[in-house]
Each structure stands twice: as structure tokens, then as C-alpha cells.
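Participant: below are the sequence and a predicted model; questions follow.
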Amino acid sequence: MIISHDVAGSGPAVVLLHSSVCDRRMWDAQWQPLLDAGYRVVRADFHGFGESPLSEVPYSDSRDVLALLDHLGIESAALVGASHGGRIALTVAALRPQAVTALALLAAGMPGHEPSETLRAFGDREEELIEAGDIDGAVALNVDTWLGPEATAEVREGVRLMQRHAFDVQMEATVGPDKEEVDLSSVTVPALAVGGAHDLPDFREIAETLAAVLPNARHLELPWAGHLPSLERPEETTALLLDFLKEHAAVR
């Protein structure tokens, strides 16, 4: 089954991949500016998020993205990934290097990353709340953890709604996504690895590591950002993405 998605525009393709505390609605502020800049823009919901239902069989988010590209007839695209979406973007680029023209990675996860004590403590606390039936508490924990000081009340409410929907859907899950481990040595396209100064240390370190590991990557830390800069300062992040894509997202 092809995951739920939006597609519009023409020109070089740009695919937006969401964080696991959000869904494709997190890209609302970037959608029209990317279209106006002349891109064919795609955004999708991973299984169990937004409008994509749970999968009843083992699946892979990265292979779902590749299937979507094939379904849409897109031979190559720039990938913009936030957090989990960044990890998936990297995996897609490693699995099918010829399909990716550039990578914009916003507080991305990374295949093979071992979580710090801080990140494990967050996961343990989230699990405790869910097992106790305190879904509202688990949602609040995510909102407080992943949004930095620039997030408005409206943004916090939007993330709360997206995360609550994901929890409600995923309570019925019998299978989860395969976390494919891949060799990043095949990822040579231009990449922008963005970290946020107010984010958890894992994601700041990953951004630095990616800039060192990927041969054509640049590291940028945003002093104002938490984990979701595209929501915290949407106009500034959109401008950053447009500058990067203008330079690197041409069709091969």
C-alpha cells in the first residue's frame, strides 16, 4: 500500500519527511513557499501517522518512501527530513543513491546511533506514562521535550494534536517499522546537517557527526532551535531550506 501523501507543482522534486512526534502537517509552513520556488513537492505520512493507517505486516519506512517515489514516477529528489524523517532520508540515500540529489537534515536521527542516557531516560519515562494509561502525560512530555523556547502556543498545540493522534492510532499496532542499518559511505550528495542548541545532546552530536562522515556535508547549529526548527521559526527555516535547495537540488 502506498502511504498517504500530497504532491503538487513541477520542476525538481523535493520530498518532506516528518518527525515521529508529528505527521506531514508539520510542513504546512514550507509547502507553499517550496511550490512558489518552482519545485514539485511531496509530503507523506509514515504508517501509523496522520492519514496513513497502521500496517498489518512488517514494513520499512524507507522502502515505503522508495515505493512512493516509484509510484509518482520520480527518478530523483532532494529529501528534507526532520528527526526520524532525517534518519529515513539517510537510509533512502544509502539504499538508492541515484534517487537522491541532496539531503537537508533537521535534527536528524542516524542509522546505527546508540542513544545517550538522556535519550534513554526520555524513552523510559514515555513508556511508563503510556503503560500507566496517562496518554495526555506522554503527549505533554513529548511537547515539552521536543519543542524549543521559540515555539508558540499555537505550535505547541499543533504538535500536541499530531502526537496524540499518533499515540491513539499506534496503540493498536502489532508490528513496528524495520530500522534498517545501512552503510552511509555511499551517501555522497550535498547535505546540510542542522542541529539545535536547545535540543537533546544526541541530535546535536549526530549533526556534527554527519558533517564529518558524509563527504559533501555542511554542519549548522541554530542557537535558537530545539528539535523542530521548521515549526519553531518556520520562516527562517524555510529560507534556509530554499537557499540550500537552490544551490543543490537540480535534476541530475
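Facilitator: Yep, it's here.

Participant: what residue ranges in the chain score low on pLDDT?
Facilitator: Along the chain, the parts satisfying pLDDT under 70 run over 250-252.

Participant: hmm, 80 instead?
Facilitator: For the chain, applying pLDDT under 80 flags the ranges 173-176, 178-179, 249-252.

Participant: let me see the ranges of the helices in it.
Facilitator: Using DSSP state H, the helices of the chain run over 28-36, 61-72, 84-95, 117-131, 135-146, 153-170, 201-213, 229-232, 234-248.

Participant: helices or strands up against the second one?
Facilitator: Under the contact criterion of 3 or more C-beta pairs under 8 Å, 6 or more residues apart in numbering; DSSP states H and E, helix 61-72 touches strand 13-17, strand 40-44, helix 84-95. Glycine gets a C-beta too; all of them are placed from N, C-alpha and C.

Participant: can you put the ones you listed in CSV and add mean neighbour count and distance to residue 29?
Facilitator: As requested, the helices and strands packed on helix 61-72 are exported to CSV (neighbours: other C-beta atoms under 10 Å; distance: least, C-beta to C-beta, whole Å):
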stretch, mean neighbour count, distance to residue 29
strand 13-17, 27, 11
strand 40-44, 24, 12
helix 84-95, 26, 16
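
Participant: residue 239: which of the ones you listed is closest?
Facilitator: strand 13-17 (14.8 Å; C-beta to C-beta).

Participant: with only the CA atoms kept, save that closest one in PDB.
Facilitator: Extracted C-alpha coordinates of strand 13-17, given in PDB (Å, rounded to 0.1, in the frame of the first residue of the first chain):
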ATOM      1  CA  ALA A  13      11.300  17.100  -6.800                       C
ATOM      2  CA  VAL A  14      11.500  17.800  -3.000                       C
ATOM      3  CA  VAL A  15      10.200  15.200  -0.600                       C
ATOM      4  CA  LEU A  16       9.400  16.200   3.000                       C
ATOM      5  CA  LEU A  17       9.700  13.500   5.700                       C
END
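
Participant: quick one on the thing from earlier: out of the helices of the chain, which is closest to residue 102?
Facilitator: Using C-beta to C-beta, the helices of the chain put helix 234-248 closest to residue 102, at 4.0 Å.

Participant: how far out from the middle of the chain is that closest one?
Facilitator: Distance, stretch centre to chain centre, for helix 234-248: 16 Å (C-alpha atoms, centre = their mean, to the nearest Å).

Participant: what do you get for stretch 107-120?
Facilitator: The answer for stretch 107-120 is 14 Å, by C-alpha atoms, centre = their mean.

Participant: got the contact list for residue 108?
Facilitator: Residues in contact with residue 108 (C-beta atoms under 8 Å, 6 or more residues apart in numbering) are 81-83, 85-87, 89-90, 193, 203, 206-207, 210.

Participant: over to residue 230?
Facilitator: 26-27, 29-30, 82, 106, 237-238, 241.

Participant: now list the buried members of the residues you listed.
Facilitator: Buried members of those, counted by 16 or more other C-beta atoms under 10 Å: 26-27, 30, 82, 106, 237-238, 241.

Participant: give me the distance between residue 47 and residue 166.
Facilitator: Computed as C-beta to C-beta, to the nearest Å, the residue 47 to residue 166 distance reads 11 Å.

Participant: what's stretch 178-186 in contact with?
Facilitator: 58-60, 62, 90-91, 93-95, 97, 111-112, 213-214.

Participant: how much space separates the closest residue in space to residue 147 that isn't next to it in sequence from residue 82?
Facilitator: In space, and not counting its chain neighbours, residue 147 is closest to residue 226: 5.4 Å by C-beta to C-beta, 6 or more residues apart in numbering. For residue 226, the distance to residue 82 equals 12 Å [C-beta to C-beta].
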